[in-house]
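*Asks:* can you look at this prediction? I've put the sequence above it.
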Amino acid sequence: MSDRFFEAPKGSAAAKATEALRQLGHTFPEAHEDYPWGHLALKVRTKMFLILAPGPDGLGVTMKLPESGREALLLPFTQPTGYGMGKHGWVTSNFGLDEAPPIAILAGWIEESYRAIAPKALVAALDGVEPTARRKKA
């Protein structure tokens, strides 16, 4: 990984989950990494859709969940994201150092977050839809 962000101890469940979620995030069109606040953020163009915050105590995973956020917040490992982001649909999940996160659930949430943040043309590309040609105004 990078020395530009905090990491969980090598071999821990948190480190393994961080890498798995990082790789998953890179499967989306135009996804790239940035390192704000010492955390790993996956962005589409200039907007974050996934924040991974590994550290010595575990892993925090933050995403925007406009559709499933209320349901997600019923789970014991989730909470509204701080700094006022929670009121805009952002949810943070926290896992202990040796706690295996539910990757399948998080994968679905990462896709939802990407779809909420990405431009419509990239979401269409994700769905395999060809962009329509723009009509010239007469």
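*Replies:* Done, it's in. It should be emphasised that the depicted structure is a prediction, and the values quoted were computed from it without experimental measurement.
*Asks:* I'd say Pro56 and Pro9 touch.
*Replies:* Yes: applying Cβ atoms under 8 Å, one finds Pro56 in contact with Pro9, separated by 6.7 Å. To be clear about C-beta, it is placed using only N, CA and C from the backbone, and glycine gets the same treatment.
*Asks:* which residues are in contact with both of the two?
*Replies:* Residues touching both Pro56 and Pro9 (Cβ atoms under 8 Å, 6 or more residues apart in numbering) are Leu97.
*Asks:* how about the helix or strand hosting Phe49: buried residues?
*Replies:* Secondary structure assignment for Phe49, by DSSP states H and E: strand 47-55. For strand 47-55, burial by neighbour count (16 or more other Cβ atoms under 10 Å) applies to 48-55.
*Asks:* tell me which two in these are the farthest apart.
*Replies:* The most widely separated members of these are Phe49 and Gly55, with 20.9 Å between them, by Cβ to Cβ.
*Asks:* run through the bridge partners of Asp34.
*Replies:* Legend: beta-bridge partners of Asp34 under DSSP bridges are Ala41.
*Asks:* residue contacts, it?
*Replies:* If a contact means Cβ under 8 Å, 6+ apart, then Asp34 has 41-43, 48 as its contacts.
*Asks:* next secondary structure after the strand holding Phe49?
*Replies:* The C-terminal neighbour of strand 47-55 among helices and strands, as given by DSSP H and E, is strand 58-64.
*Asks:* what helices or strands is the following helix or strand past that following strand leaning on?
*Replies:* Following strand 58-64 in sequence order, the next helix or strand is helix 69-72 (DSSP H and E). In terms of contacts (3 or more Cβ pairs under 8 Å, 6 or more residues apart in numbering; DSSP states H and E), helix 69-72 is packed against strand 90-96.
*Asks:* show residues contacting the strand it packs on.
*Replies:* With contact meaning Cβ under 8 Å, 6+ apart, strand 90-96 is reached by 13-14, 17, 57-65, 69, 72-73, 75, 77-82, 101, 106, 109.
*Asks:* if any of those are buried, put those into a PyMOL selection.
*Replies:* Burial among these is assessed by 16+ other Cβ under 10 Å; the matching PyMOL selection reads:
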select buried, resi 13+14+17+58+59+60+61+62+63+64+65+69+72+78+80+81+101+106+109
